[in-house]
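Colleague: just coords:
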């Protein structure tokens, strides 16, 4: 049975309108969800652990005597690491080494304080300091994501964050050992079996059992996204993530099965995930369609993949690879594969993407797990102005200013003139008092 994935061509007269229909996705949360999330946040802020216990029992069917019973002890994490199969442990530790090495290079490049003195002896600079405590949200509904533990906790650890608090839902009390093992490998300090909006509220406001954090990172469902949006300002957040996306730019040189499976790799996340192929070779698009139809029946998550491809996917025939790159910049995708004989020819033309995967052998899935760069990426076109999660998200910057006596004579006059112009006399006189008569 053929998968009815949308087919477009840039030569068709109504391409722009049809293309916008493909991209359309509203970040607005359903009003009913918004109201429920607001009620949960307010309840946790007011009643603390009692509310967390109530919602955890209702949504995850975990009846705990106290909120402290929802905290995983350090030996729980180490025990999980010891019990998982040796191959999984080796893969987890190898991935962690690569993610840590990549983010340590980020720290060297941008994470250091600096200062200088100008000609009159005034010191100017920037002090870079890590956040004191961060919370990482790890999804635990439709699937378990140990990779998300690594991608959120390791850059925080590299940045020098004082304490990392993980929250992860465990519906029915079922704990995923690979997730707990990842927490042990990544250096998570505290972990709680709490999920949903109540977990975000507990991290943002603090309860007797759950410490208040400075920033919350990590993906989640619509309730988690809404809660993060509402607590922003009380705490920092990384981003409001939409459904996962992959855009493949192909010149027809990569085996069609590879590209079809790469499209599946995002479609299997969620029915709202988006997988798009852009290619100037019409015959190759037919090969990819045939590969999709042939490979889909063997996929365990085929129903989700089919719904995603038919609902939000597209195979788009373009005039040229140059046009393909231009359309890619309009999309600004989360994951961008350049499946070409010469990917470095096209990379300079690509301006907007969360992560760019160069060449036929660079499947997006390698970036998800173990290549090294972070897999927490901007979605829904926000790669036009946003960046992947990194060390810089777990640091803050303070300006350093030490004005010398000589510098005050010059700067004071400038500041006073501007302050009088703004009608702020105290500002002006504070500067003038330091001037030599």
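Modeller: On my side now, so go ahead. Here the structure is a predicted model, which means the values were calculated and not measured.
Colleague: the strands in the stretch 101-250 of the chain, which residues?
Modeller: 114-117, 123-130, 133-137, 163-167, 190-192, 215-217, 236-237, 245-250 (DSSP state E, counting those that start in this stretch).
Colleague: again with the stretch 251-400 of the chain
Modeller: Going by DSSP E, counting those that start in this stretch, the stretch 251-400 of the chain shows strands at 274-279, 314-317, 335-339, 355-358, 395-402.
Colleague: can you list contacts of stretch 229-238?
Modeller: For stretch 229-238, contacts defined as Cβ atoms under 8 Å, 6 or more residues apart in numbering pick out 29, 37-38, 41, 131, 135, 200-201, 203-205, 212-218, 228, 240, 376, 389, 393. The way it works is simple: take the backbone N, C-alpha and C, and place the C-beta from them, glycine included.
Colleague: in it, what counts as buried?
Modeller: By neighbour count on 16 or more other Cβ atoms under 10 Å, the buried set for stretch 229-238 is 229-231, 234-238.
Colleague: Could you list the low-pLDDT ranges of the stretch 1-150 of the chain?
Modeller: 1, 26-29, 141-143 (pLDDT under 70).
Colleague: Could you point out the longest helix of this protein?
Modeller: The longest helix of the chain (DSSP state H) is helix 86-110.
Colleague: Can you report how many residues lie near the closest residue in space to residue 110 that isn't next to it in sequence?
Modeller: With sequence-adjacent residues excluded and distances taken as Cβ to Cβ, 6 or more residues apart in numbering, residue 110 is closest to residue 392, at 5.9 Å. Neighbourhood size, residue 392 [other Cβ atoms under 10 Å]: 19.
Colleague: Then residue 131?
Modeller: Count around residue 131 with other Cβ under 10 Å applied: 21.
Colleague: ok, now residue 362?
Modeller: Count around residue 362 with other Cβ under 10 Å applied: 17.
Colleague: Repeat that for residue 195.
Modeller: Residue 195, neighbours per other Cβ under 10 Å, totals 27.
Colleague: For it, give me its contacts.
Modeller: Residue 195 neighbours (Cβ under 8 Å, 6+ apart): 56, 59-60, 137, 139-141, 167-171, 220, 224.
Colleague: Could you do residue 34 as well?
Modeller: Contacts here follow Cβ under 8 Å, 6+ apart; on that basis residue 34 touches residue 226.
Colleague: Turn the buried residues of stretch 229-238 into CSV, columns for pLDDT and distance to residue 85.
Modeller: Shown next, in CSV, are these (pLDDT from 0 to 100; distance: Cβ to Cβ, whole Å):
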residue, pLDDT, distance to residue 85
229, 95, 39
230, 96, 40
231, 97, 38
234, 97, 41
235, 98, 37
236, 97, 37
237, 97, 35
238, 95, 31
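Colleague: Out of those, which is nearest to residue 422?
Modeller: Of all the buried residues of stretch 229-238, residue 236 has the smallest distance to residue 422: 30.5 Å, by Cβ to Cβ.
Colleague: any idea how far residue 395 is from that closest one?
Modeller: As judged by Cβ to Cβ, to the nearest Å, residue 236 and residue 395 stand 11 Å apart.
Colleague: Now list whatever residues contact both of the two.
Modeller: With Cβ under 8 Å, 6+ apart, residue 236 and residue 395 have common neighbours residue 131.
Colleague: secondary structure element for the residue nearest to residue 181 when sequence neighbours are not counted?
Modeller: Nearest non-adjacent residue to residue 181, counting by Cβ to Cβ, 6+ apart: residue 81, 4.0 Å away. Per DSSP states H and E, residue 81 falls inside helix 74-83.
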